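1. All I have is the shape, not the residue letters:
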């Protein structure tokens, strides 16, 4: 931070410098450099005229008039009201003097004043400028004639723009009315620049070789560039929010630092933004922030996007076309920290969904403890995350969200392609709030989650893994794929696992879980494992696959592993895309299991709606089945390469209302039928290995149940023969029964 002493306006007097000619003045700067001020118009015709433009000060704030013999600070280049300076070029350079002085080859300028821009624009005093070069730091600049002449500054090149305060400690703001053709900062930018003028408040090309960053005092608004129009192309080393220690607790400290911010009420946009390092949030709100209301055409970040403890820290928010992140997206404790958000604002401040068409992340996407931290949101076209997608303890952390509609339209926009190289893992619910801090939500949800209105293709290179609860919070929707409409194709190259850690006082709901409005094709190469409930904690849909309509094709390469307290659930029901003929009502088309199936509930005619969770491992009813909705639901083919044990394969039927078990005379048809002319049916069940119940609890029964069991083959033997409707038929000497229900 640089500090300016208060300077009284100069009257006609001898300038404390040497006039070389009407275009050139030399002086000795405070560090001993010989500096040259050169302008493109002959305004230095006398000492009085030069003194009216160049205002100098010593380190003590007292002006002297000693020529070049004493060091001086160039405090102000004052061009207010100088219409004869309109369009003028300005350069302030160091002339190297071998063996002379102790200079640092940098000459600083406190401010350039070519416009008086306040709440009431004084257009009569405002002028545009040409090309400006400062071989040192420029504290602030004001320029710009009016909106009708949008070229406020042709180009501005400086070594740095560090924040400067006046004698009252206020950070000086640079305000430009109109367009800056080129802004080139060789080092850091810690100042404050506001480029205004509606669509003319633009920067053609912005280059910051160092960082766009808050100052070392954490002053609010430092390292901030605001614009109302557009930035054609920006290249910045790093964008970094301040993290200065805050002993006073001031909410303003570190806020709005390291910020590239487009106006929220105009069509502000950025053509291309290249960040050579990282975007890093700070401890204040809106720190390490990039925002454009209309569009970012291309965003390239060589490093990572990292959140801080401040809200909206490490946040990029704009409709975006192409995004490439070389590193990771990492959330922190701030809300929307480490977050990529494809939304904008209307004039009223409400958000509107806009598309992010392509996102590539070279590393991981990791949630933090803040809400919506470490995530990606927006209507997404193609998303590639080469590492892992991992939830944190904050709600909606470590997740990918694709919203419903595009601006100006009402049709759902699909998530076209999502490819994740590693695992998708739900977060662990957070800890209890500390006294004196804002309350923490009782539920940590939507962590490690993929959510979209519809999806064409999802590929996960690792596994889908549910999160865990703690003593403080319930964990909901963790390690989840949740598609409102159609899931056309999904491949998980690892497995699917529900939560394996459930606190005794809490619940885990929808953990290691897949749900869609319709599942056309789902291929899981590994095994699927239900959540383990060994205590009095509660769980539902913890290790499950459900469709709100039908499941076309489901392939599980490994085993299906449930428990007696929490069987693994696969369910489907009739939907708009279901095969629905005069006699047909296909809820589940084809299921292939490459290994064993233990404690599996494969249910046709059930919706995903689960109204309760189990009361613990001793609950005789087991995990909830969902809501029975279709007594005419049908299963086409089920093939199990290994063994079938302690499982239920059911179409259109409900369990015994007293025991909650299938395979008994108390089983009934689901009363509601989607197709009044169809009957519930299992066309083909093939088990290569053995089929049995569990034989460990005399009260347990398991069933293969429908109105019509067309074909059930176990170890090559056809068992669905000689069935008496309404009478269970045991499979061997076990407590697994075949049953054709009658009512």
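-> Perfect, I can see it now. Everything numeric here is computed off the predicted structure, so don't read it as measured data. Numbers count the residues shown, from 1 in each chain.

2. Let me see the ranges of the helices in the chain.
-> Counting by DSSP state H, one finds helices in the chain at the ranges 47-53.

3. For residue 365, give me its contacts.
-> For residue 365, the contacting residues are 328, 329, 374, 375, 376, 385, 387, 388, 389, 390, 398, 400, by Cβ atoms under 8 Å, 6 or more residues apart in numbering. Bear in mind the C-beta positions are built from the backbone N, C-alpha and C, glycine included.

4. Quick one, grab the pLDDT at it.
-> The score at residue 365 is 97. That number is its pLDDT.

5. Quick check: it vs residue 274, distance?
-> Counting by Cβ to Cβ, to the nearest Å, the gap from residue 365 to residue 274 is 21 Å.

6. got any ranges where the stretch 351-500 of the chain has weak pLDDT?
-> Scanning the stretch 351-500 of the chain for pLDDT under 70 picks out 351-354, 403-413, 429-444, 469-475.

7. same thing but 80
-> For the stretch 351-500 of the chain, the stretches with pLDDT under 80 are 351-355, 379, 403-414, 428-446, 468-477, 500.

8. The stretch 501-650 of the chain too?
-> In the predicted model, the stretch 501-650 of the chain carries pLDDT under 80 at residues 501-508, 533-539, 574-584, 609-624.

9. The nearest residue to residue 81 once chain neighbours are set aside: neighbouring residues, count only.
-> Excluding its sequence neighbours, the residue lying closest to residue 81 (Cβ to Cβ, 6 or more residues apart in numbering) is residue 125, at 4.3 Å. Using other Cβ atoms under 10 Å, residue 125 has 18 neighbouring residues.

10. who's in contact with residue 125?
-> Residue 125 makes contact with 80, 81, 115, 116 under the criterion Cβ under 8 Å, 6+ apart.

11. rerun that using 10 Å as the cut-off
-> Contacts here follow Cβ atoms under 10 Å, 6 or more residues apart in numbering; on that basis residue 125 touches 79, 80, 81, 82, 83, 113, 114, 115, 116, 117, 142, 145.

12. Out of these, which is nearest to residue 514?
-> residue 117 (56.4 Å; Cβ to Cβ).

13. I'd say that closest one and residue 142 touch.
-> Yes. The pair residue 117 / residue 142 is scored as a contact, 5.6 Å apart, by Cβ atoms under 10 Å.

14. Tell me the spacing between residue 163 and residue 648.
-> For residue 163, the distance to residue 648 - Cβ to Cβ - is 69 Å.

15. These two: which is more packed in?
-> More crowded of residue 163 and residue 648, by other Cβ under 10 Å: residue 163, with 28 against 25.

16. for that one, what are its contacts?
-> So residue 163 contacts 1-3, 137, 139-140, 171-173, 188-192, 214-217, 219, 221-224, 257 (Cβ under 10 Å, 6+ apart).

17. Where do the strands of the stretch 1-150 of the chain begin and end?
-> With DSSP state E, counting those that start in this stretch as the criterion, the stretch 1-150 of the chain has strands at 2-3, 18-21, 24-28, 34-39, 54-57, 73-78, 90-95, 109-113, 129-143.

18. Partner strands of the third one, with direction?
-> According to DSSP bridges, strand 24-28 has the following sheet partners: strand 18-21 (antiparallel), strand 34-39 (antiparallel).

19. ok, longest strand in the chain?
-> strand 507-524 (DSSP state E).

20. sorry, back to before: mind picking the two most distant members of the contacts of residue 125?
-> The span of the contacts of residue 125, defined through Cβ to Cβ, is set by 83 and 117 at 16.5 Å.

21. Would you mind telling me which of these two has more residues around it?
-> Taking other Cβ under 10 Å, residue 83 and residue 117 do not tie; residue 117 has more neighbours (21 against 11).

22. What's the separation between that one and residue 515?
-> 55 Å.

23. do residue 206 as well
-> Residue 206 sits at a distance of 45 Å from residue 515 (criterion: Cβ to Cβ).

24. When those two are compared, which one has more neighbours?
-> Per other Cβ under 10 Å, whichever of residue 206 and residue 515 has more neighbours is residue 206, with 26 against 21.

25. Distance check, that one against residue 707.
-> Distance from residue 206 to residue 707, by Cβ to Cβ: 70 Å.

26. And the strands in the stretch 451-600 of the chain?
-> Using DSSP E, counting those that start in this stretch, the strands found in the stretch 451-600 of the chain span residues 455-460, 464-465, 474-487, 490-492, 496-497, 507-524, 528-529, 538-547, 551-556, 560-561, 568-572, 586-593, 597-598, 600-604.

27. Name every strand pairing with the last one and say which way it goes.
-> Paired with strand 600-604 in the same sheet, following DSSP bridges, are strand 568-572 (parallel), strand 648-651 (parallel).

28. Adding distance to residue 660, write the ones you listed out as CSV.
-> As requested, those are exported to CSV (distance: least, Cβ to Cβ, whole Å):
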stretch, distance to residue 660
strand 568-572, 14
strand 648-651, 11
